[in-house]
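[1] quick check, what structure comes out for this input:
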Amino acid sequence: MERHSPINWKWMEVQKLNGTLNVTGNSTLDGTLSVKGQTTLSNALSASSSVGTAGQVLMSKGENSAPEWKSLKDAKGVVSETELKLGTTEIEVNQGKEEDIPGLTYTITVPAGKEKLVIFNIVGYAAPNSFGGTQGVFELFQNEKKISSAYAAGFDSGDKYLRNLTGDPKRITTEYLALRMMNTAPLGKVPIPTTLIAQAKLTEGKYTFKVKYKSWYGTSKINVDASAAGYNGSTPKDNNNVGDSEALLSKKC
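    Reported below is the predicted structural model:
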């Protein structure tokens, strides 16, 4: 130990045993204390008259400023927390309609005197549920105000068969069309995935973020369970694994 300036020793009991210096008691240091080698703490570490709370870390505030305890999520330049949300209930969105996507709502509270930068990475699937394909947008809302969107589309190769039909359409049943399309179309109800990346800089307050889907053309299904919907080759969910049940769910993190 090096003593760089006078220390008030009257509150300290110093023992030197086998090369180890043990300092005990309540001491007020008048100078700098330097320690070379390993230091062991058997109790709380106090900084700026605070021992912090569980999970906090001690952060420097620069030269001539005492450090302070902070949560990692409050640190600048740190990706401190992530949360993955999966779509839940399947919904159908008709042309011209806009619907909240179940499961993709997130609420965050920023404490007084703090700021937070939130980055969103949203993956969306809009499975077509009408002839002629579909298109629309996945939208991100902050307190009911749209702050970003991403284009999505879907197609069904069975549409090609419909364009080649001849005769009286009234004689063609739904079951007949479905059977013919399944036998002749290589792919059916194919959603083209989209990725929406956005950010929001937040100050003190409470914020609710929602993901919605708006159909520009055609009818789409959101949060489709691929295995339950009968997509060829998909693995069904069982007690041991999720199979492909999450493959077409919209996701946000």
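[2] in the protein, which spans are helices?
    For the chain, the helices defined by DSSP state H occupy 159-163, 174-184, 226-229.
[3] for those helices, which has the smallest mean pLDDT value?
    Note on the helices of the chain: helix 159-163 shows the lowest mean pLDDT, a mean of 53.
[4] how many neighbours does residue 62 have?
    When neighbours are defined as other Cβ atoms under 10 Å, residue 62 has 6 of them. Where you see a C-beta, it was placed from the backbone N, CA and C, and this is true even at glycine.
[5] quick one: it from residue 116, how far?
    In this view, residue 62 and residue 116 are 22 Å apart by Cβ to Cβ, to the nearest Å.
[6] now do residue 241
    36 Å.
[7] who's more crowded, these two?
    residue 116 (18 against 10).
[8] where does the chain dip in pLDDT?
    1-37, 73-81, 157-188 (pLDDT under 70).
[9] and if we set it to 90?
    Residue ranges of the chain with pLDDT under 90: 1-86, 108-119, 127-133, 154-193, 201-203, 225-253.
[10] can you count the residues close to the residue found closest to residue 236 once you drop the neighbours it is linked to in the chain?
    Excluding the flanking residues, the one nearest residue 236 by Cβ to Cβ, 6 or more residues apart in numbering is residue 227, at 4.3 Å. Neighbour count for residue 227, taken as other Cβ under 10 Å: 20.
[11] so how far is residue 139 from residue 147?
    Between residue 147 and residue 139 the computed distance is 9 Å (Cβ to Cβ).
[12] with residue 145 instead?
    For residue 145 relative to residue 139 (Cβ to Cβ), the value is 11 Å.
[13] neighbour-wise, which of those two wins?
    Applying other Cβ under 10 Å to residue 145 and residue 139 shows that residue 139 carries more neighbours, namely 21 against 7.
[14] residue contacts, that one?
    Counting by Cβ atoms under 8 Å, 6 or more residues apart in numbering, residue 139 makes contact with 98, 146, 148-149, 211-214.
[15] identify the farthest-apart pair in those residues.
    Greatest spatial distance in the contacts of residue 139: 98 and 148, 14.8 Å, computed using Cβ to Cβ.
[16] more neighbours, those two?
    Between residue 98 and residue 148, counted using other Cβ under 10 Å, the more crowded position is residue 148 (17 against 13).
[17] just grab the bridge partners of that one for me.
    Beta bridges link residue 148 to residue 140 when assigned by DSSP bridges.
[18] does it touch residue 142 like I think?
    No - using Cβ atoms under 8 Å, residue 148 is not in contact with residue 142, being 9.2 Å away.
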